[in-house]
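Engineer: can you look at this prediction? I've put the sequence above it.
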Amino acid sequence: MFILQVKSFVKEGLASEFIKVASLLVEKSRQEKGCVSYQLCQDQKNPNVFTFIQQWKDPDLLEKYVQTNYFKELAARCAPLEKKASEFTFYNVLI
(Lines give C-alpha, C1' and ligand atoms only; values in the text may rest on other atoms or scores of the structure.)
Protein backbone atom coordinates (compact mmCIF):
# COMPACT_ATOMS: atom_id res chain seq x y z
CA MET A 1 0.00 0.00 0.00
CA PHE A 2 1.21 3.52 -0.73
CA ILE A 3 0.16 7.15 -0.61
CA LEU A 4 0.41 9.63 -3.44
CA GLN A 5 0.42 13.32 -2.59
CA VAL A 6 -0.15 15.74 -5.47
CA LYS A 7 0.32 19.42 -4.68
CA SER A 8 -1.36 21.84 -7.12
CA PHE A 9 -0.73 25.58 -7.39
CA VAL A 10 -3.78 27.40 -8.75
CA LYS A 11 -3.82 30.79 -10.45
CA GLU A 12 -5.22 33.71 -8.46
CA GLY A 13 -9.01 33.93 -8.68
CA LEU A 14 -9.48 30.40 -10.05
CA ALA A 15 -9.66 28.39 -6.81
CA SER A 16 -13.44 27.91 -6.91
CA GLU A 17 -13.31 26.63 -10.51
CA PHE A 18 -10.45 24.29 -9.58
CA ILE A 19 -12.47 22.92 -6.65
CA LYS A 20 -15.46 22.23 -8.95
CA VAL A 21 -13.38 20.23 -11.42
CA ALA A 22 -11.30 18.53 -8.71
CA SER A 23 -14.48 17.49 -6.88
CA LEU A 24 -15.60 15.54 -9.95
CA LEU A 25 -12.19 13.87 -10.08
CA VAL A 26 -12.29 12.93 -6.39
CA GLU A 27 -15.84 11.56 -6.62
CA LYS A 28 -15.07 9.29 -9.57
CA SER A 29 -11.63 8.27 -8.32
CA ARG A 30 -12.98 7.02 -5.00
CA GLN A 31 -14.89 4.37 -6.97
CA GLU A 32 -11.76 2.99 -8.64
CA LYS A 33 -10.58 -0.51 -7.83
CA GLY A 34 -7.60 -0.23 -5.50
CA CYS A 35 -8.40 3.26 -4.24
CA VAL A 36 -8.46 3.16 -0.44
CA SER A 37 -8.99 6.90 0.05
CA TYR A 38 -8.84 10.07 -2.04
CA GLN A 39 -9.05 13.56 -0.56
CA LEU A 40 -8.64 17.13 -1.73
CA CYS A 41 -7.18 19.52 0.85
CA GLN A 42 -6.72 23.29 0.74
CA ASP A 43 -3.73 24.99 2.34
CA GLN A 44 -4.75 27.00 5.41
CA LYS A 45 -2.28 29.81 4.69
CA ASN A 46 -2.54 29.96 0.89
CA PRO A 47 -6.02 29.21 -0.49
CA ASN A 48 -4.56 28.75 -4.00
CA VAL A 49 -2.55 25.70 -2.97
CA PHE A 50 -4.33 22.33 -2.98
CA THR A 51 -3.14 18.84 -2.16
CA PHE A 52 -4.70 15.61 -3.32
CA ILE A 53 -3.94 12.84 -0.83
CA GLN A 54 -4.56 9.42 -2.28
CA GLN A 55 -4.05 5.97 -0.82
CA TRP A 56 -3.78 3.04 -3.24
CA LYS A 57 -3.42 -0.70 -2.75
CA ASP A 58 -1.17 -1.28 -5.75
CA PRO A 59 0.90 0.82 -8.21
CA ASP A 60 -0.54 -1.12 -11.16
CA LEU A 61 -4.06 -0.08 -10.18
CA LEU A 62 -2.96 3.56 -9.99
CA GLU A 63 -1.44 3.24 -13.46
CA LYS A 64 -4.73 1.87 -14.83
CA TYR A 65 -6.59 4.73 -13.16
CA VAL A 66 -4.46 7.48 -14.76
CA GLN A 67 -5.17 5.91 -18.16
CA THR A 68 -8.95 6.24 -17.78
CA ASN A 69 -10.72 8.68 -20.09
CA TYR A 70 -12.33 10.61 -17.24
CA PHE A 71 -8.98 11.11 -15.47
CA LYS A 72 -7.35 12.42 -18.64
CA GLU A 73 -10.30 14.72 -19.36
CA LEU A 74 -10.52 16.15 -15.83
CA ALA A 75 -6.75 16.54 -15.52
CA ALA A 76 -6.79 18.45 -18.81
CA ARG A 77 -9.51 20.74 -17.40
CA CYS A 78 -7.43 21.41 -14.27
CA ALA A 79 -4.18 22.16 -16.13
CA PRO A 80 -5.05 25.66 -17.42
CA LEU A 81 -6.14 26.67 -13.90
CA GLU A 82 -2.69 25.95 -12.48
CA LYS A 83 0.16 28.47 -12.47
CA LYS A 84 2.87 25.80 -12.43
CA ALA A 85 3.25 22.04 -12.66
CA SER A 86 1.96 19.93 -9.78
CA GLU A 87 4.42 18.29 -7.42
CA PHE A 88 4.14 14.52 -6.90
CA THR A 89 5.38 12.67 -3.82
CA PHE A 90 5.01 8.93 -3.21
CA TYR A 91 5.09 7.36 0.25
CA ASN A 92 5.19 3.73 1.32
CA VAL A 93 2.77 2.91 4.12
CA LEU A 94 4.80 1.25 6.88
CA ILE A 95 2.40 0.91 9.79
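Structural biologist: Thanks, I have the structure now. Keep in mind that what you see is a predicted model, and the values were worked out from it rather than measured.

Engineer: longest helix anywhere in the chain?
Structural biologist: helix 15-29 (DSSP state H).

Engineer: what comes up buried for that helix?
Structural biologist: 15, 18, 21, 22, 25, 26, 28, 29 (16 or more other Cβ atoms under 10 Å). Quick note: C-beta positions are derived from backbone N, CA and C, even for glycine.

Engineer: surely the third one and residue 74 touch.
Structural biologist: Yes: taking contacts as Cβ atoms under 8 Å, residue 21 lies within contact range of residue 74: 5.9 Å.

Engineer: these two touch, right, residue 83 and residue 10?
Structural biologist: Yes: because the distance of 6.8 Å satisfies Cβ under 8 Å, residue 83 is recorded as touching residue 10.

Engineer: excluding its backbone neighbours, what's nearest the spatially most central residue of the chain?
Structural biologist: Within the chain, one residue has its C-alpha closest to the average C-alpha position: by Cα atoms, centre = their mean, that is residue 52, at 4.0 Å. Excluding its sequence neighbours, the residue lying closest to residue 52 (Cβ to Cβ, 6 or more residues apart in numbering) is residue 6, at 4.3 Å.

Engineer: pull up the pairing partners for the helix or strand where the one you found lies, direction included.
Structural biologist: Residue 6 is part of strand 2-10, with elements assigned from DSSP states H and E. Using DSSP bridges, the strands paired with strand 2-10 in its sheet are strand 49-56 (antiparallel), strand 82-92 (antiparallel).
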